[in-house]
Each structure stands twice: as structure tokens, then as C-alpha cells.
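J.: what follows is a predicted protein model with its sequence.
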Amino acid sequence: MSIFENTEVAFKLKSNNELRKAHAMFVAVDKNWLTDFGAWSLPWAIHIPGVKSLIKNTVFAHFCGGETRKESMLTIDKLYSQNVKSILDYSVEGKEDEAEYENCFNEIMAVIDDATGNPKIPFVVFKPTGFGSIKIFTKVGAGETLNEKEQKQWDNIRRRFDEVCKKSYENDVTIMIDAEHSWMQDAADDLAVELMEKYNKKRCIVVNTLQMYRHDRLAYLKEQYAKAEKENYFIGYKVVRGAYMEIERERAVENGYESPIQPDKASTDRDYNAAIEFIFQHRDRISLFAGTHNELSCKLVMDKIKSNNLEKDVHNIWFGQLLGMSDNISFVLGSKGYNVAKYVPYGPVKDVMPYLIRRAQENTSVAGQSSRELGLIQKELERRKLEK
């Protein structure tokens, strides 16, 4: 039996009632039509009396830590009791004005304070589009000329990126930059590289993200390693597979350019594993955060740690999963002494709806994900019944 089949460890923190609610939720998520209906209806239904409370006590409670950092601390404490760390993730998305971007920036600065000297929160994370408009990132990445207003917006984006990384450096907190859609990623990557050069001289403070469903990311990783080696600074990557291949492919067809996406899942898996191999070969220079719900990929990292005669909790090798998903991976890894952290999203329920919708859609788009969650929950409920 795989070590990731241990449901007693996986669901130790969940009551029978919580497991039954999770089971019902994943049954719903497993039905594509229901997920699509929810994506369409929830943004306006949230304003109906009673709907917000229903959402907060079901899907929000499963996938999010709370509406505020303070509320989320209870979840963080529970995770830490099982040797699973947390990454506070301010998951307010889809905002489109400077005041909201500045609010997100201030929130990330406050999270850095929460993480400073706190072993429960080893990383801080932010999304580039939390700091500025996707249109600005896209124009900059394409080398287009910005007008005066756009230039001011880009200057603000650069300031926010730099100030959160500077504070992270001063407070000795590792900060991760999430990935976005490919058409705006070049500008975000260039900023990340600039900040790695600036703040990663002594250790890896700034960590960028590689989405291996893109066919160019393995080559990009190797290029960045060569640059860092030549200029003598550290680099770090959260390595993920990515999602929404359909959106990327459709946009490529509509705009007449080559799709950036791998031809199939096998190619994504191949490059994901190759990235892991490359990072381990150069682990003195590169830090790894293996963001994955794939048990085989986790096993690969575990095997690499063992074959390289490293401690299970070697400082620059981490595993990561999302809160509410793959507890069978996170808690088993934690119980065995590996470095593992859960993304703990938080924010007002109505503002976190886009995140929750993405989580539901991701579960339906990743083959077998919700079915796997359902099977494990069912197994644990049956085990508990027999134990009585």
C-alpha cells in the first residue's frame, strides 16, 4: 500500500461531520455542469440573504483559512500541530484599480510581519495581478510603448514588487511570486529575475514559479541557472504543472501564435520530473518548492532526498499543496519529517469567490482529482465506522 493511502493520518484533524461535508462538496465538484453553474451564478447569488453564510460554512471553510489573517491563525495552528506549515495567501482576485492594488500590497506587507520569525509561516506569496493590471504586464512583456498613465501604473507595480521583496530580505522571510497566464508572464518573470539578482546574494529570498504545462519552462530554468551561476546569486522555483490549458490554446488560435502549452499531459509530467532532476543536480544554487498534488512527483522528490543522502527537512527542499486538497500527501509528509506547507487562502467571502470557483474548476479539469479526494474520504469514514 502506498504511504499516501494512510487516511487516518491524512484526516486526523477532521471530525466525522467535517468529513461528511467535504464528501458532499467533492461529489458536487465532480459534476462539471454543477461547477459551471456555480461559476455563473455565485458572483450574483452571494448577495442573496443566507447564501454568504452557506458558502462560508461549506466550500469557503474547506478551502480557506478565514476572512482575515487573524481568523486564519486557528487553521495555521492546527496544521502546525501535525508538522504542516502554512503560506498565508491573500486570495482577493479580479480587482482593477490602483486603490485595490495598493490595498493588496499593504496586506502582503502585513503578512510578512506575521511570518517574521514564525516557524509556522515559512513563506509569503503574492500574485503579480494583485499588484497591477494584467493589461500593463502584457504590454510591457510585448515591448509596447506605454502612455503616461500606463507608465505610472507600471512604476507602481515595480515599486510594490521591490518593496515586498526588500522587506522580506530585511526580515529574512522567503517570498514566492505566483505565475499567471503566459501572455503576461514575461514581464513578471523579468521583475522576478531582477529581484533575485538584488536580494538573493546570501540565500534564496525571492522564489519565482514555473508552470511546466508550458513547453518552454525547462529551457527557461536552465537559462536562469546559468545566469545565476555566472553572476553568483541564488535562485528558487515553485514548480507546478499549471491549469487551464484550454484557455491558453484558445487564445493562441484566436491571436494566431504558437500555443505555449505542452501537446499532452505526458509531456508536462516529463518536464516536471526533469525540472526536479535538474534542481537536485544544482541544489547548492537552486531552492525547490514542489507544488504538486501528484503522488508520483512527491515520491520522486522523496527518492531524490534519500539518494542524495540529505536530511528529510533539508532547508531548501519543500513540498506544497493547497488547503482542502491532497491531505493524504501533506499530512503524511509532515508526519515523516519532510518540509511541507499548505497554501492557506484568506479574504472576505465575496472577494474570494473567483479563487473558490477556480479551485472547483481545477478539480474538474484535473483528471481524477475530485474522485481521488472522494475515495480517500469514503475510506476514512468507513475506517472510523469499523473502529467503533
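T.: Looks like it came in fine. Residues are numbered from 1 along each chain as shown.
J.: in a helix, Gln378, correct?
T.: Yes. Assignment of Gln378 by DSSP: H, G, I helix; E, B strand; the rest coil places it within a helix.
J.: quick one: it and His23 touch, right?
T.: Yes. When contacts are counted by CB atoms under 8 Å, Gln378 is listed as touching His23 (6.7 Å). Yep, even glycine has a C-beta here, placed from its N, CA and C like the rest.
J.: got a list of contacts for stretch 277-290?
T.: 123, 174, 176, 204, 207, 218, 221-222, 225, 228-229, 234-239, 276, 297-298, 301, 304, 308, 316-320 (CB atoms under 8 Å, 6 or more residues apart in numbering).
J.: what about that stretch, start to end distance?
T.: 12 Å (CA to CA, to the nearest Å).
J.: and that stretch, what's buried?
T.: Using 16 or more other CB atoms under 10 Å as the test for burial, stretch 277-290 gives 278-280, 283, 285-290.
J.: show the average pLDDT along that stretch.
T.: The average pLDDT within stretch 277-290 is 98.
J.: tell me the gap between that stretch and the middle of its chain.
T.: Distance of stretch 277-290 from its chain centroid, counting by CA atoms, centre = their mean, to the nearest Å, is 18 Å.
J.: now stretch 76-84
T.: How far stretch 76-84 lies from its chain's middle: 18 Å, per CA atoms, centre = their mean.
J.: between Gln378 and His23, which has more neighbouring residues?
T.: His23 (17 against 14; other CB atoms under 10 Å).
J.: now the more buried one: which helix or strand?
T.: helix 16-29 (DSSP states H and E).
J.: other SSEs contacting that helix?
T.: Packing partners of helix 16-29 (3 or more CB pairs under 8 Å, 6 or more residues apart in numbering; DSSP states H and E): helix 32-45, helix 59-63, helix 349-365, helix 369-387.
J.: show me what the second one is packed up against.
T.: Applying 3+ CB pairs under 8 Å, 6+ apart, one finds that helix 59-63 makes contact with helix 16-29, helix 349-365.
J.: run through the stretch 1-150 of the chain and note the low-pLDDT ranges.
T.: Along the stretch 1-150 of the chain, the parts satisfying pLDDT under 70 run over 1, 29-45, 94.
J.: all strands of it, in order?
T.: 85-90, 123-126 (DSSP state E, counting those that start in this stretch).
J.: make TSV from the ones you listed and add distance to Lys342 and mean neighbour count to it.
T.: Converted to TSV, the strands of the stretch 1-150 of the chain look like this (distance: least, CB to CB, whole Å; neighbours: other CB atoms under 10 Å):
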stretch	distance to Lys342	mean neighbour count
strand 85-90	6	25
strand 123-126	11	24
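J.: including distance to Asn200, could these go into a markdown table?
T.: Formatted as a markdown table, those follow (distance: least, CB to CB, whole Å):
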| stretch | distance to Asn200 |
| --- | --- |
| strand 85-90 | 19 |
| strand 123-126 | 15 |
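J.: among the ones you listed, which comes closest to Ser168?
T.: Closest approach to Ser168 among the strands of the stretch 1-150 of the chain is made by strand 123-126 (6.5 Å; CB to CB).
J.: adjacent strands (with direction) for that closest one?
T.: strand 174-177 (parallel) (DSSP bridges).
J.: where does the stretch 151-300 of the chain have low pLDDT?
T.: Checking the stretch 151-300 of the chain against pLDDT under 70 turns up 244.
J.: coming back round to it: now, the contacts of stretch 277-290 that are in strands?
T.: 123, 174, 176, 207, 235-239, 317-320 (DSSP state E).
J.: dump these to a markdown table, plus distance to Ala266.
T.: Output for those, formatted as a markdown table (distance: CB to CB, whole Å):
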| residue | distance to Ala266 |
| --- | --- |
| Phe123 | 30 |
| Thr174 | 32 |
| Met176 | 27 |
| Val207 | 27 |
| Ile235 | 27 |
| Gly236 | 27 |
| Tyr237 | 22 |
| Lys238 | 22 |
| Val239 | 17 |
| Ile317 | 25 |
| Trp318 | 26 |
| Phe319 | 23 |
| Gly320 | 23 |
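J.: of the residues you listed, closest to Asp351?
T.: Met176 (21.0 Å).
J.: hang on, the earlier thing: separate out the buried members of the contacts of stretch 277-290.
T.: By 16+ other CB under 10 Å, the contacts of stretch 277-290 give 123, 174, 176, 204, 207, 218, 221, 225, 228, 234-239, 276, 297-298, 301, 304, 316-320 as buried.
J.: out of the strands of the stretch 1-150 of the chain, nearest to Val193?
T.: Val193 sits nearest to strand 123-126 of all the strands of the stretch 1-150 of the chain, at 16.5 Å, using CB to CB.
J.: list the buried residues for the lengthiest helix in the chain?
T.: Counting by DSSP state H, the longest helix found in the chain is helix 148-171. Judged by neighbour count (16+ other CB under 10 Å), helix 148-171 contains these buried residues: 150, 153-154, 156-158, 160-161, 164-165, 167-169.
J.: and Ile46, how close does it get to Val59?
T.: According to CB to CB, to the nearest Å, Ile46 stands 12 Å off from Val59.
J.: correction: the previous question concerned Thr145.
T.: Distance from Thr145 to Val59, by CB to CB: 44 Å.
J.: which of the two has more neighbours?
T.: Using other CB under 10 Å as the criterion, Thr145 and Val59 rank with Val59 on top: 25 against 7.
J.: correct me, but the more buried one touches Leu356?
T.: Yes. Between Val59 and Leu356 there is a contact at 5.6 Å, judged by CB under 8 Å.
J.: what's the burial count for the residue lying closest to Ser267 once chain neighbours are set aside?
T.: Excluding its sequence neighbours, the residue lying closest to Ser267 (CB to CB, 6 or more residues apart in numbering) is His215, at 7.0 Å. Other residues near His215 come to 16 when the count uses other CB under 10 Å.
J.: I'm done for today, thanks for sticking with me.
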